[in-house]
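Colleague: Got a predicted structure here, sequence first:
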Amino acid sequence: MQGKKGLRLQNFNSRGKLLYVYDLFYCLDKGLIIPSKLSGYEFICDLKLIDRMTSLGLNHPKYKSGVENDSIESVLQLSLSSEFDNASFQKLSDWLARRFEVMRSESLWDHYKTVELPFTFALSSLLGKGIEIKPFDISNFIHDVLLARNIVVEELRTLGIDTPDKDAFLSYIEQQYSRQDAWVMRNALLRGDTKALRIAAGKLVCYKSLSELKGWVGMSICLLKGT
């Protein structure tokens, strides 16, 4: 499905063609989409991937009771039926608007563009060459990543950052350092500039112990990699 008026990315400023597809990996794997044909599109919206990214945790059994089924599957099932009309198209448009807003508000677009989409193409390419990645290996990798993240999270919580996301970390910087130092480090953090962050933190060595500073910089870099 090509991009239509009202369905464009809110923060992508696209003037070219957008491609909306459900389950890009499946389409590539089954030959329904040829990678070389995608060069004519400025951006690809994998609705299944966006759905999963914006609904993490919502389908957990603990929270399922009373939660309306807002999955892309339920919306697309209606669109494929004989009852699809203007109202059905509006429902699809509304779903896209809600999910795009979550992607924007949670700063997920960069991760989608730099991690998820490239991974989809890379995995498809590997399978096409006969290289299979076993689900067990992926599960082990995810376990190791979560374990490493939890270690960093606990270290941040010892500093009083109970919700270790970017906003909480920025708040911590503003509380712990002077306005000028906080401003420098805040800008470095928002740019993802680890070198500038190291330099800014290094200037505080006069009133921070070296061991504490090294730990703080190390956790800062880990947090940057996870955002």
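Modeller: That came through, no problem.
Colleague: and the protein, what are its domains?
Modeller: 18-133, 143-225 (automatic domain parsing).
Colleague: which of the ones you listed has the lowest average pLDDT?
Modeller: Least confidently modelled of those is domain 143-225, at a mean of 65 by mean pLDDT.
Colleague: which strands and helices sit next to the longest helix along the chain?
Modeller: The longest helix of the chain (DSSP state H) is helix 135-158. In terms of contacts (3 or more Cβ pairs under 8 Å, 6 or more residues apart in numbering; DSSP states H and E), helix 135-158 is packed against helix 210-225. Quick note: C-beta positions are derived from backbone N, CA and C, even for glycine.
Colleague: how about 10 Å then?
Modeller: helix 166-176, helix 210-225 (3 or more Cβ pairs under 10 Å, 6 or more residues apart in numbering; DSSP states H and E).
Colleague: buried ones in the first one?
Modeller: When burial is assessed from 16 or more other Cβ atoms under 10 Å, helix 166-176 yields the following buried residues: Phe169, Tyr172, Ile173.
Colleague: Taking helix 135-158 as reference, get the angle to it.
Modeller: Using axes from the mean of the first three to the mean of the last three Cα atoms, to 10 degrees, the inter-axis angle of helix 166-176 relative to helix 135-158 is 20 degrees.
Colleague: Next secondary structure after helix 166-176?
Modeller: Heading C-terminal from helix 166-176, the first helix or strand you meet, by DSSP states H and E, is helix 179-191.
Colleague: still on that earlier bit, of all the buried residues of helix 166-176, which comes closest to Lys30?
Modeller: The nearest member of the buried residues of helix 166-176 to Lys30, counting by Cβ to Cβ, is Phe169 at 42.6 Å.
Colleague: Quick check: the closest one touching Arg186?
Modeller: Yes: the pair Phe169 / Arg186 is scored as a contact, 9.4 Å apart, by Cβ atoms under 10 Å.
Colleague: re the thing from before, using a markdown table, lay out the buried residues of helix 166-176 together with distance to Leu147.
Modeller: Below are the buried residues of helix 166-176 laid out as a markdown table (distance: Cβ to Cβ, whole Å):
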| residue | distance to Leu147 |
| --- | --- |
| Phe169 | 21 |
| Tyr172 | 23 |
| Ile173 | 26 |
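Colleague: Name the nearest of the residues you listed relative to Glu132.
Modeller: Phe169 (39.0 Å).
Colleague: From Met185, how far off is the closest one?
Modeller: According to Cβ to Cβ, to the nearest Å, Phe169 stands 10 Å off from Met185.
Colleague: now swap in Ser178 and tell me
Modeller: 10 Å.
Colleague: what do you get for Phe89?
Modeller: 47 Å.
Colleague: Of those two, give the one with the bigger neighbour count.
Modeller: Set side by side, Phe89 and Met185 show more neighbours around Met185, with 24 against 14, by other Cβ atoms under 10 Å.
Colleague: could you measure the more buried one against Leu170, distance?
Modeller: On the measure of Cβ to Cβ, Met185 and Leu170 end up 9 Å apart.
Colleague: for Thr114, same thing?
Modeller: Per Cβ to Cβ, Thr114 is found 21 Å from Leu170.
Colleague: can you check Lys17 too?
Modeller: Lys17 sits 37 Å away from Leu170 when distances are taken as Cβ to Cβ.
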